[in-house]
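Chemist: After the sequence you'll find the predicted model.
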Amino acid sequence: MAQVGPGVPHGGAARSDHRTDPAPGGSQTPGSEPPQPPPGYLDAASTLPLHPAARESLASALDLGWADPARRYHDAARARALLDAARESVAAVLRARPDEVSFTASGTQAVQLGLAGLVLGRRRQGRRVLATAVEHSSVLHAATASVADPAHAVHLPVDRDGALVVAALEEALGEGDVALAAVQSANHEVGTRQPLTAAADLLEPAGVPLLVDAAQSVGRDDVPARWSVLAASAHKWGGPAGVGVLAVRTGVRWRSPSPEGALEHGRVPGFVDVPSVVAAAAALEAVERERQAESVRLARLVDRVRDRVAAEVPDAVVLGHPVDRLPHVVTFSLLYVEGEALLADLDRAGFAVSSGSSCVADSLQPSHVLAAMGALTHGNLRVSLPPGVREDDVDRFLAVLPAVVERVRASLGAQGL
């Protein structure tokens with residue numbers, strides 16, 4: 001991967017071989033020290049603090065990458081070199097070509113442009129957009145907005161763990177008139193991985209492109225190999241908020257929904273925030289170095305949460321697939337509990353978690369994901385572990401949770417039901 005931090009030479013091209021790997025014995029590249037999340041912060045699926053590598057690269061790129069990379073003078077060339085190096089670095093993680101990768105203003109914008117571009121590019125091949133019923137709200141809203149008839153936005157059913165029912169995808173494809181299918185890499189709320197290989201096995205022979213929302217998994221899990229369009233979001237892996245990634249495979253029928261003059265290979269409107277892009281790429285490169293070992297550690301902690309909540313909290317149901325899931329996310333539903341009261345009590349106890357549907361205007365809106373799974377939609381709690389989380393923070397949370405739940409139930413007159 002290309003170095004995207006302070007090592008880019010002044011006024012010169014980025015060098016793809018200019019990176020220092022961690023030395024034997026555990027010493028690390030400057031700025032790549034494991035982040036230390038705030039004590040009690042267990043909402044990493046929402047966002048992460050800025051990674052040290054991102055902070056260091058951002059400070060340097062603010063001085064070196066401020067110019068318009070589309071211009072031809074000296075300062076612009078330096079900004080272009082930083083942008084190109086960042087693009088190469090992110091593309092390497094995604095197993096994509098650099099010219100397939102564009103940077104957007106957010107993960108939501110990446111989803112919207114990616115989906116709308118596929119609908120436009122394939123308007124002669126099909127009108128219907130197939131999407132799992134547990135897609136992120138940004139995907140479902142973009143699908144509805146991109147089709148001429150709301151009936152053309154088809155929600156595919158999932159099983160009790162939140163995984164796509166592959167037979168339903170096969171049946172929908174058999175009905176024809178399909179522009180694209182949207183299947184996330186893994187669910188934002190319960191962590192269940194989706195059967196992307198099985199989906200691709202059906203879509204590829206039919207010539208139907210696959211859009212993958214990978215925002216929750218990039219930097220946390222293996223990047224899927226078979227996709228036509230992929231979207232991701234930098235603040236999920238410790239990059240700055242305000243940087244998304246839109247990747248479009250070469251040869252895919254995709255047409256920009258933006259007016260003429262869009263940048264980033266004609267895919268994205270607006271000026272590129274080069275310093276933030278550089279910081280996002282540096283953070284992704286840093287977390288990728290430690291991802292596999294850290295994922296094993298976090299998965300064990302999530303197993304601990306799953307086991308102890310099921311054993312120690314009455315009327316709690318742990319959701320999502322028990323094994324085929326992201327390493328850092330666990331969600332459970334609690335009978336006779338209001339999510340708002342539970343969050344408030346846990347916040348007073350020093351813990352940040354989430355409840356309700358992911359990324360909607362009111363975070364306590366009942367979850368469309370849990371409804372599609374047939375699970376209880378109120379009283380749900382999502383715990384998502386940030387890289388570097390302290391084990392004693394997880395144990396403190398588990399020690400506090402039963403008493404908090406009991407107290408909330410008592411306040412609602414539901415104690416002992």
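Modeler: Alright, I've got the coordinates. Residues are numbered from 1 along each chain as shown.

Chemist: Could you check how far the nearest residue to residue 140 once chain neighbours are set aside is from residue 346?
Modeler: Computed as CB to CB, 6 or more residues apart in numbering, the closest residue to residue 140 that is not its neighbour in sequence is residue 131, at 6.2 Å. No exception for glycine: its C-beta is placed from N, CA and C like everyone else's. Distance of residue 131 to residue 346, computed by CB to CB, to the nearest Å: 32 Å.

Chemist: thinking again about what came up before, after the helix or strand hosting the residue nearest to residue 140, which helix or strand is next?
Modeler: Following DSSP states H and E, one finds residue 131 within strand 128-132. With elements assigned by DSSP H and E, the helix or strand that comes after strand 128-132 is helix 137-146.

Chemist: what comes up buried for that following helix?
Modeler: 137, 138, 139, 140, 141, 142, 143, 146 (16 or more other CB atoms under 10 Å).

Chemist: same thing with stretch 103-121?
Modeler: For stretch 103-121, by 16+ other CB under 10 Å, it's 103-119, 121.

Chemist: Strands - which of those land there?
Modeler: Using DSSP state E, 103, 104 are the members of the buried residues of stretch 103-121 that sit in strands.

Chemist: State the number of residues packed around the residue nearest to residue 259 when sequence neighbours are not counted.
Modeler: Distance criterion CB to CB, 6+ apart; nearest residue to residue 259, sequence neighbours excluded, is residue 269 at 7.2 Å. By the criterion of other CB atoms under 10 Å, residue 269 has 16 neighbours.

Chemist: okay, residue 269: pLDDT?
Modeler: Note on residue 269: pLDDT of 91.

Chemist: swap in residue 394?
Modeler: The per-residue pLDDT of residue 394 was computed as 98.

Chemist: Quick one: neighbours of it, just the number.
Modeler: 20.

Chemist: So it: helix, strand or coil?
Modeler: helix (DSSP: H, G, I helix; E, B strand; the rest coil).

Chemist: Look up how far residue 308 lies from the nearest residue to residue 235 once chain neighbours are set aside.
Modeler: Leaving out its chain neighbours, the residue that sits closest to residue 235 by CB to CB, 6+ apart is residue 241, at 4.3 Å. Noted for residue 241: a distance of 33 Å to residue 308, by CB to CB.

Chemist: hey, which helix or strand in this structure has the poorest pLDDT?
Modeler: helix 339-348 (a mean of 92; mean pLDDT, DSSP states H and E).

Chemist: what helices or strands is that one leaning on?
Modeler: In terms of contacts (3 or more CB pairs under 8 Å, 6 or more residues apart in numbering; DSSP states H and E), helix 339-348 is packed against strand 380-384, helix 391-411.

Chemist: how about CSV for those, with distance to residue 354 added?
Modeler: CSV is the format used below for the helices and strands packed on helix 339-348 (distance: least, CB to CB, whole Å):
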stretch, distance to residue 354
strand 380-384, 5
helix 391-411, 13
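
Chemist: Packed most tightly, which of those would that be?
Modeler: strand 380-384 (a mean of 26; mean count of other CB atoms under 10 Å).

Chemist: Kindly calculate the angle that that one makes with helix 391-411.
Modeler: With axes from the mean of the first three to the mean of the last three CA atoms, to 10 degrees as the basis, strand 380-384 and helix 391-411 are set at 170 degrees to each other.

Chemist: Just the C-alpha atoms of strand 380-384, please, in PDB.
Modeler: Extracted C-alpha coordinates of strand 380-384, given in PDB (Å, rounded to 0.1, in the frame of the first residue of the first chain):
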ATOM      1  CA  ASN A 380     -33.300  -3.500  22.300                       C
ATOM      2  CA  LEU A 381     -29.700  -2.700  23.100                       C
ATOM      3  CA  ARG A 382     -26.700  -2.800  20.700                       C
ATOM      4  CA  VAL A 383     -23.200  -3.100  22.200                       C
ATOM      5  CA  SER A 384     -20.400  -2.600  19.700                       C
END
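
Chemist: the inter-axis angle of that strand versus helix 339-348?
Modeler: Going by the same axes, to 10 degrees, strand 380-384 makes 40 degrees with helix 339-348.
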